[in-house]
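Asks: Build me a structure from this.
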Amino acid sequence: MSHAAAPKREMPESLAARMGAIRLLAHVLRDGRMLGDGASGLTGPAAARALRLAGLVLRHMGQADEMMRAHMDRQPAAKVRDILRLALVEVFVDGAAQHGVVNDAVAMARMSPRTVKQSGLVNAVLRKMVDDRSAWDALPAPAMPGWLRKPVAKMWGQDRLAAIEAAHLAGAPLDLTPQRPVEIEGAVVLPTGSLRLAGGQVSLLPGFETGDWWVQDAAAAMPARLLGDVTGMRVLDLCAAPGGKTMQLAAAGAQVTALDVSPKRMRRVFQNLERTGLQADVLEADALKWSPEEPFDAVLLDAPCTATGTIRRHPDLPHLRESRDVEALTKLQYQLLDRALGFVKPGGRVVYCTCSLLPVEGENQIDAALKRHPGLTLEPADPVTLGLPAEAAVAQGLRLLPDLWPERGGMDGFFMSVLKRPETSA
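Replies: Residues are numbered from 1 along each chain as shown. Modelled structure (predicted):
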């Protein structure tokens with residue numbers, strides 16, 4: 001007598017999402033890849049949840065590891081460690097039910113021959129830890145890596161360092177730059193003109209299909225505004241992708257040329273321009289080799305950098321960047337800045353900016369450029385007229401840090417400066 005095979009049981013969505021989050025954590029922590037790059041292999045309704053959970057774990061990983069150290073004599077295997085991290089963050093940060101979290105954590109440990117022997121450990125230690133809410137609440141905000149923490153503390157002091165790390169832990173709201181008036185429920189207008197929401201699925205928000213706005217952190221929207229009235233001006237947006245500043249300049253009436261070396265990233269620029277109905281000349285080229293047919297009135301250079309100013313929205317960054325990255329990036333920055341200065345006509349302006357917390361990628365670059373180029377001058381940048389706190393002003397331009405506007409949800413770390421070429425060549 002033949003027997004029909006039993007139907008394959010479909011995995012519960014909660015378990016599928018948690019398994020996806022564990023794979024994403026390995027993608028970042030062991031493979032050294034960005035969190036978003038690993039999401040391409042996820043499908044179905046559990047995919048978005050897996051990505052969100054992995055991001056939460058990376059943001060709160062320092063707290064989870066500290067909690068585990070207090071309850072365990074030895075560090076478990078890497079995958080088991082990730083399972084425990086996920087469970088702790090789900091219970092203490094995401095508010096998930098303890099019973100379901102612990103059960104799924106044990107189930108995930110049992111699925112692999114490498115971790116099945118530690119499933120009992122997962123069960124026992126988790127049941128102790130998830131009942132210790134007061135211990136979790138007493139944990140400090142996770143510290144930035146030492147190579148980043150040290151120069152930040154040296155520049156702004158220990159109290160400011162602690163405030164920045166707290167801002168990283170708090171995460172980031174969703175900021176939009178409008179090109180025309182739009183009403184979105186729950187959105188507030190910031191003093192700088194950006195719209196801010198607690199969150200939401202971007203493609204479902206009013207005005208997305210009609211291109212009324214684009215996603216852009218309030219800090220990232222500032223460099224283009226430093227040029228003032230750009231109506232009719234020929235402006236080069238250097239290192240332009242994904243195109244937020246290109247769209248700002250085009251919406252303000254500039255004749256924009258957007259240049260970037262990455263074809264993949266430039267596709268985003270094309271898509272954003274198409275959605276918003278804005279016009280720009282888009283070029284794929286290496287700025288270190290390319291030259292314009294005629295000089296521009298202004299250049300906006302958002303230089304490649306460590307992106308350490310965006311940790312509050314990209315919690316994978318501290319696990320991917322290393323101190324050795326800084327030297328190569330700072331060399332590229334001054335090369336690009338010199339090229340940008342050569343792309344503007346006499347009397348033309350260059351806005352230099354980086355989304356970095358490191359002075360070596362911001363203030364120091366401007367000091368060095370002024371020494372290299374006799375006659376080059378700094379244009380004043382008044383934060384108050386831009387809707388920013390007065391404390392954002394520094395000698396070289398504007399310095400925005402994640403702990404600015406804590407009552408409004410903070411902003412990305414950004415440095416920006418306006419340099420003006422002499423009216424005549426020496």
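Asks: Let me know whether residue 349 touches residue 298 as I believe.
Replies: Yes - at 4.8 Å, residue 349 counts as touching residue 298 under the criterion of C-beta atoms under 8 Å. From N, CA and C alone the C-beta is placed, and that goes for glycine too.
Asks: Please enumerate the shared neighbours of those two.
Replies: Both residue 349 and residue 298 are contacted by residue 227, under the criterion C-beta atoms under 8 Å, 6 or more residues apart in numbering.
Asks: low pLDDT regions in this structure?
Replies: For the chain, the stretches flagged by pLDDT under 70 are 1-10, 38-42, 425-426.
Asks: where do the strands sit along it?
Replies: Taking DSSP state E to define them, one finds strands in the chain at 174-178, 188-189, 195-197, 213-215, 234-238, 255-260, 281-284, 296-302, 344-354, 377-379, 393-394, 397-400, 414-420.
Asks: can you give me the angle the longest one makes with strand 296-302?
Replies: Right, strand 344-354. 20 degrees (axes from the mean of the first three to the mean of the last three C-alpha atoms, to 10 degrees).
Asks: Only the buried residues of strand 344-354, if you could.
Replies: 344, 348-354 (16 or more other C-beta atoms under 10 Å).
Asks: Touching it from outside, list them.
Replies: So strand 344-354 is contacted by 223-224, 226-227, 295-303, 305, 309, 333, 337, 340-341, 361-362, 365-366, 369, 379, 414-425 (C-beta under 8 Å, 6+ apart).
Asks: With stretch 188-203 instead?
Replies: Applying C-beta under 8 Å, 6+ apart, the contact partners of stretch 188-203 are 173-178, 182, 184, 186-187, 205, 208, 213, 215-218, 221-222, 225, 386-388, 408-409.
Asks: Between the two ends of that stretch, how far is it?
Replies: Distance across stretch 188-203, first residue to last, is 19 Å (C-alpha to C-alpha, to the nearest Å).
Asks: can you pull the contacts of the residue nearest to residue 396 when sequence neighbours are not counted?
Replies: Of all residues not flanking residue 396 in the chain, residue 366 sits nearest, at 4.1 Å (C-beta to C-beta, 6 or more residues apart in numbering). For residue 366, the contact set (C-beta under 8 Å, 6+ apart) comprises 352, 378, 396-397, 417, 419.
Asks: now, the most widely separated pair of these?
Replies: Greatest spatial distance among these (C-beta to C-beta): 352 and 378, at 10.6 Å.
Asks: what residues do those two have in common as contacts?
Replies: 366, 417, 419.
Asks: what's the closest of those residues to residue 268?
Replies: Using C-beta to C-beta, the shared contacts of residue 352 and residue 378 come closest to residue 268 at residue 417, 25.9 Å.
Asks: partners of that closest one in the sheet?
Replies: On the basis of DSSP bridges, residue 417 takes part in beta bridges with residue 352.
Asks: From residue 256, how far off is it?
Replies: 20 Å (C-beta to C-beta, to the nearest Å).
Asks: Of those two, which one has the most company?
Replies: Neighbours per residue, other C-beta atoms under 10 Å: of residue 417 and residue 256, the larger number sits with residue 256, 30 against 27.
Asks: Bridged to the more buried one, which residues?
Replies: Bridge pairing for residue 256 - DSSP bridges - gives residue 235.
Asks: next one: the one 4 residues further on
Replies: Bridge pairing for residue 260 (DSSP bridges) gives the partners residue 284.
Asks: Give me the neighbour count for it.
Replies: 25.
Asks: isn't it right up against residue 270?
Replies: No - Residue 260 is beyond contact range of residue 270, at 11.0 Å (criterion: C-beta under 8 Å).
Asks: what separates the residue nearest to the spatial centre of the chain from residue 300, distance-wise?
Replies: The centroid of the chain falls nearest to residue 310 when counting by C-alpha atoms, centre = their mean (3.5 Å). According to C-beta to C-beta, residue 310 and residue 300 sit 18 Å apart.
Asks: Could you list the domains of this protein?
Replies: 13-137, 174-420 (automatic domain parsing).
Asks: Show the end-to-end separation of the last one, please.
Replies: Here the two ends of domain 174-420 are set 33 Å apart, with distance taken as C-alpha to C-alpha.
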